[in-house]
Every structure is written in C-alpha cells, then in structure tokens.
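[1] Any chance you could fold what I've pasted below:
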Amino acid sequence: ILTYGVRGRLALAQGIARVAPRNLDTDVRDSLRCFEEQLQLLADTVLQQKSVRDIDRLQHTLLEVDDALRDHWGTTPALTACLKYATSTAERLAALEPDNVQYLRGLAVSCERMGSLVERSDPTRAREWHGKALEIAERLAILKPDNVVYLHDLSVSCLCMSRMEERSDPARTREWHGKALEIAERLVSLEPENVQCLHSVAVSYEWMGHLEERSDPARAREWYHKALEITERLAAIEPNNVVYLRGLLVLCGRMGRLKERSDPARAREWYHKALEITERLAALEPDNIQYMRDLWVACGRMGRLEERSDPARAREWYHKALEIRERLAALEPDNIQYLRDLLVSCACVGRVEERSDRAREWYHKALEIAERLAALEPDNVEYRRDLSVSYERMGRLEERNDPTRAREWYQKALEIRERLAALEPENVQYRRDLWVSCEGMGSLEERSDPARAREWYRKALEIAERLTALEPDNIQYLRDQIGRAHV
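    Coordinates of the predicted model:
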C-alpha cells in the first residue's frame, strides 16, 4: 500500500471485496475481523515510525478506496474501519504539523466522510463528526477566503449540518441551507465555468426547493427549475457522469412529486424519466446500494400513481419496492434509513391490500417500525409523523368493527399532528394530516353525536379551504374541499 501506489490501492480494494458478503447468507465476520486486525497492524506500524510521508500516503490511500467503494454492496463495515484509521492518521499528521493546511483539510475530509457513513446508524455520532469537519472548514476558509476548494468544503459541511438538523429543527435547517447556498453562489461568481462549482450551486438550489415544498410549492418549483437547468447543462457536457445523471433523476422525481396532485399525466412523465435514469445507473453498477435505493423510490412512485386507476399494477410496483428494501435492511440491520424505507414499503403494500385481511398484518409491521424509530429519536419530526400515520391507519382498520378502539388510535394520531402543526404552521403536509384526522374523528361521531361530527367536519373544511387557496390546481385539495362543502 505504501510502496506501490495504485497497486497498493488495488490490493486494499481487493481485501475489502473479500470481506463484503455476496449474498445475505454469507457469514464474513471472521474475515472482517481478520481484515480489521491487519489494517490496525498497518496503521499502528506507520504511526509508530512517525514518517510524515508514509502517514500521509496511508491516509490518502484509505480515503481514495472509500471514494471508490462507497455505496457498494456489503462494503460498509470494511469502509468504516478504513475511515477510522484514515481519521486517526489525519489527526496524527495535523498534530505533527499544526499549521499545514493540507493536513488540516485531510482531517476535515476524513471527519466528513465518517459522519456521512455513520448517519445511517448513529445520527448523534454523525453530528459530532460533521461538527468537527465544519470547524476545520471554517478555519481554512478564514485563512484563505477566496480559495475555491476551501469554500466548496465549507459549503458541503453546511449541507451536512442541515441534513442532520432537518428532522428535528426546521428553522436551523433553513439557516444551514442559506449559508450553503450563499457559498455556492459565491463559488460560481469566482469561477463561472467550473463544473464542480456549478454542481454545488445546483445541489443548493435543489435543497432549497426541498425545503420550500413544505410551505410554498410554487417557490419550490422555481428552485427545482434552476437546479434542473444547470444539471441538464452539466449532463450534456459529460453524458456518462454518474453524479450528474443521479442529480437529474433526483430532480425529475422532485418535479414529478410537485405535479402529482395537480397534473398526474405530467407527474407520470417526470417519474418515467427518473425511472429510466435509475435503471440505467443500476445496470451500470448492480451492486451500488444507492442506486438500489433509488430504484426502490422509483418503484414506490410508480405504485402511488397507479393506486387509483390500476390497483393490481400498483401492487406489483410496491412488491418490487418491498423486495429491494427487505434485501437492503437485511444487509445493514442497524441502518435507520433502510428501516424507515421498509416502514414505507409495508404501509404501501398494506394500503393496496386494505380491503383484504392482509392489510392488518402489513400495517402492524409498519407500526412496529414506526414505534421503534420514534423511540430511537424522539425529536425526529419525520419519525413522529410516521407514527401518527400508522396510528391513523390502524384506526381506519378498526372503524367499522370497534369504534372505541378506532377513536383511541385516531386520538393518538391527532395529538402528534397538532404538535407538529404547531411546530411548523406553514407546513402543508402537516396541515393536510390534520385534515385527515378531523375527517376521521368526524366520521366516528356521525352516528352517535352528529353535532360533534359537524364540528370536526367544519375544522376539516377550514383546513381544506386554506390549502386550496395556497394551491388552487391541487386536485387532492379540491377533492378534500368538495367532500365537506355540504357542512
């Protein structure tokens, strides 16, 4: 590794490949333990020798291998070990030469990579790693304010921090996104033809659109269009660049989601574009778990489009998505993103099976996962919303047979939704969730207490009218309003 450069990196990559399971039945624990022991021996030997050149070469090798194999099937445990030692070697270099900006940047990159890797299983630890990377990135940007590399690193750190805050502190998330966008636009002003700078600003525009979707879909569309224009330009320059292609598929998905309730035909076009790119990427790298997850997302979207018109086809899409998700969840049982994706798949399958006895089984699976995630991160608003949705679905199942039990489920869902709506009053998703809860409570009261039912329906109507005023072309909101127009 230290002597032969490229051949050394290849040897390390081959070692990682040997300890990555080819299928879920393969037990690689002994091989992985041996790999980690050998890697530790190598790192300890290099660090004891205190050769700055060798320490630097080892750290670069470990980062380059991580860059090459990140998101490949089964490589996460081995790459975690690689990044552990990349970070320890970077810390040693920074300690030996505290004023060496190259070594400081190497430490920041190692911390950011480590944070991104453990986001999947330990968000608290990930925030610590990203915080370390941010401190160094800010320090370097102060030293050289016009250095494009340092500014790009700072932009990446801001996006990472915003990602960590997104599920618990929306206001803080917006602040981090604003900082990242400001830096990205500055980078483009410094080097207008630099493709990395252009890609950074496109990513920032996409994230701003994602934030605005909750409260201002029209503004979100503007951000997505700006991101799409740049990404299409980059993809035209480098048609086989997988980073740009994936950027396109993400934006096609975002545009489709905005159109889903106002123009389903146009949404279908966007989703088909996203699906085509996803299938192309998955064919290029069948073992890439990010592309597998993208395929899961695409299958879920297509299923959602087909639910009303072709439930049988929707069921096929949802089962494809479920197969992908179960495979990934089995590969990384501690990956909370995969666990949440599995929750979504169970809920989708349950929804298309709602008229059969199987629905209860799927909804129970979804509820178990939702409760587990909410217990892991009580302040995570996404998990709290997931839990409210699971409660509401269980209530819907019980409504005909056990109204008392249904009321309990609906009440639990309502309590969560009222808290979330108070936290983000402009979030249209939270408002519509409240509409669903009011409708459910009204439906329960219709036969026993018509006056109380009317109160719930009036609340639902007020929410529907407010949402329709925000998005007059949203078919779902119009349907919600018409449904209660007689109240």
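[2] which of the residues in the host helix or strand of Met394 are buried?
    Using DSSP states H and E, Met394 sits in helix 381-398. Under the neighbour-count criterion of 16 or more other C-beta atoms under 10 Å, helix 381-398 has 381, 383-398 buried. Any C-beta I mention is one placed from the backbone N, CA and C, and that applies to glycine too.
[3] repeat for stretch 239-250
    Quick answer for stretch 239-250 (16+ other C-beta under 10 Å): 242, 244-250.
[4] And the next helix or strand past the helix or strand where Gly350 lies?
    Per DSSP H and E, Gly350 falls inside helix 336-352. Moving toward the C-terminus from helix 336-352, the next helix or strand (DSSP H and E) is helix 358-376.
[5] Could you tell me the angle between that following helix and helix 336-352?
    150 degrees (axes from the mean of the first three to the mean of the last three C-alpha atoms, to 10 degrees).
[6] Just list what helix 358-376 packs against, helices and strands only.
    For helix 358-376, the elements it packs on are helix 336-352, helix 381-398, judged by 3 or more C-beta pairs under 8 Å, 6 or more residues apart in numbering; DSSP states H and E.
[7] Spell out which residues sit in contact with Glu446, please.
    Taking C-beta atoms under 8 Å, 6 or more residues apart in numbering, we find Glu446 in contact with Ala453.
[8] now it: how far from Lys132?
    57 Å (C-beta to C-beta, to the nearest Å).
[9] for this protein, which spans come out with low pLDDT?
    Scanning the chain with the threshold set as pLDDT under 70 gives 1-29, 32, 73-74, 478, 480-487.
[10] Centroid-nearest residue for it?
    Closest to where the C-alpha atoms of the chain average out (C-alpha atoms, centre = their mean) is Gln337, at 7.2 Å.
[11] hmm, back to that, the helix or strand following the helix holding Met394: which residues count as buried?
    Downstream of helix 381-398, the first helix or strand assigned by DSSP H and E is helix 403-423. Neighbour-count burial for helix 403-423 flags 403, 406-407, 409-410, 412-414, 416-417, 420-421 (criterion: 16+ other C-beta under 10 Å).
[12] Touching helix 403-423 from outside, list them.
    Taking C-beta under 8 Å, 6+ apart as the rule, helix 403-423 contacts 170, 381, 384-385, 387-389, 391-392, 394-399, 427, 430-431, 433-434, 437, 440-441, 444.
[13] same for the helix or strand following that helix, what does it pack against?
    For helix 403-423, the following helix or strand on the C-terminal side (DSSP H and E) is helix 428-445. For helix 428-445, the packing partners by 3+ C-beta pairs under 8 Å, 6+ apart come out as helix 381-398, helix 403-423, helix 450-470, helix 475-483.
[14] Any idea which of those helices gets closest to Lys259?
    When the helices and strands packed on helix 428-445 are compared by C-beta to C-beta, helix 475-483 sits nearest Lys259, at 10.4 Å.
[15] ok, which stretches of the stretch 101-250 of the chain are helices?
    Remark: helices assigned in the stretch 101-250 of the chain by DSSP state H, counting those that start in this stretch are 101-118, 123-143, 148-165, 170-190, 195-212, 217-237, 242-259.
[16] Which parts of the helix or strand where Tyr318 lies count as buried, going by neighbours?
    Counting by DSSP H and E, the element that carries Tyr318 is helix 311-331. Neighbour-count burial for helix 311-331, counted by 16+ other C-beta under 10 Å, picks out 311, 314-318, 320-322, 324-329, 331.
[17] between that helix and helix 336-352, how big is the angle?
    Going by the same axes, to 10 degrees, helix 311-331 makes 160 degrees with helix 336-352.
[18] let's have the chain start at 550 instead
    Will do, 550 is the new start, and the previous item becomes helix 860-880.
[19] Show me what helix 860-880 is in contact with.
    Applying C-beta under 8 Å, 6+ apart, the contact partners of helix 860-880 are 570, 573, 622-623, 838, 841-842, 844-845, 848-849, 851-856, 884, 887-888, 890-891, 893-895, 897-898, 901-902.
[20] swap in stretch 772-782?
    Applying C-beta under 8 Å, 6+ apart, the external contacts of stretch 772-782 come out as 747-748, 750-752, 754-755, 757-758, 761, 793, 796-797, 800, 803-804, 807.
[21] 10 Å - rerun?
    Residues outside stretch 772-782 that contact it (C-beta atoms under 10 Å, 6 or more residues apart in numbering): 730, 737, 744, 747-762, 765, 792-801, 803-804, 806-807.
[22] okay, now Gln903: neighbour count?
    One thing to correct before we go on: residue 903 is Glu, not Gln. 15 (other C-beta atoms under 10 Å).
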